[in-house]
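> how does the following fold in three dimensions:
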Amino acid sequence: MLCHSAPGVDLAGNVGPAMAGIGSRFTAPQLRVRVADITQVHPETVMPTFHRTEGLERVAPELRGKPVLSAQQVEDVVAYLSTLK
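Numbers count the residues shown, from 1 in each chain. Here you go, the predicted structure:
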């Protein structure tokens with residue numbers, strides 16, 4: 001929670017919008033694309049892409065081709081965000 005605040009999270013960031021109510025505003029597929037590769041929705045965002053591995057800049061050689069989050073972790077984040085009604 002470095003960039004967003006969320007209900008029940010005491011120490012959180014304020015760079016991005018608050019996550020309160022996000023599960024009411026977006027469907028699971030809409031949340032999934034935002035978590036996996038936000039640049040598909042907002043190409044100029046500063047939010048990192050968490051599952052895309054191609055076309056990225058400034059990636060350490062040992063991390064090239066590896067997503068930040070696994071597919072299961074993306075699904076876990078989507079499931080959590082979906083509960084924030």
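
> which residue of this structure sits farthest from its center?
residue 61 (22.6 Å; Cα atoms, centre = their mean).

> just checking, what packs against the lengthiest helix in the chain?
Looking across the chain with DSSP state H, the single longest helix is helix 71-83. Packing partners of helix 71-83 (3 or more Cβ pairs under 8 Å, 6 or more residues apart in numbering; DSSP states H and E): helix 22-25, helix 28-37. Placement of C-beta: from N, CA and C, glycine included.

> okay, buried residues for that helix please.
74, 77-78, 81-82 (16 or more other Cβ atoms under 10 Å).

> any chance of these in CSV, plus pLDDT?
Listed next are the buried residues of helix 71-83 as CSV, based on pLDDT from 0 to 100:
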residue, pLDDT
74, 98
77, 97
78, 98
81, 97
82, 98
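
> how close does the residue nearest the centre of the chain sit to residue 62?
In the chain, the residue lying closest to the centroid (Cα atoms, centre = their mean) is residue 35, at 3.1 Å. Distance of residue 35 to residue 62, computed by Cβ to Cβ, to the nearest Å: 23 Å.

> cool, residue 84 as well?
34 Å.

> who has more neighbours out of those two?
Shown here are residue 84 and residue 62; by other Cβ atoms under 10 Å, residue 84 has more neighbours (18 against 7).

> can you tell me how far the more buried one is from residue 61?
Taking Cβ to Cβ, one finds residue 84 at 37 Å from residue 61.

> please apply the same query to residue 68.
16 Å.

> now swap in residue 36 and tell me
23 Å.

> wait, residue 34 touches residue 25, no?
No: counting by Cβ atoms under 8 Å, residue 34 stays clear of residue 25, with 10.8 Å between them.

> neighbour count for the two, which is higher?
Neighbour totals were compared for residue 34 and residue 25, and residue 34 leads with 22 against 10 (other Cβ under 10 Å).

> which pLDDT value belongs to the more buried one?
pLDDT, residue 34: 96.

> check contacts around it.
26, 41 (Cβ atoms under 8 Å, 6 or more residues apart in numbering).

> shaky segments in the chain?
For the chain, the stretches with pLDDT under 70 are 1.
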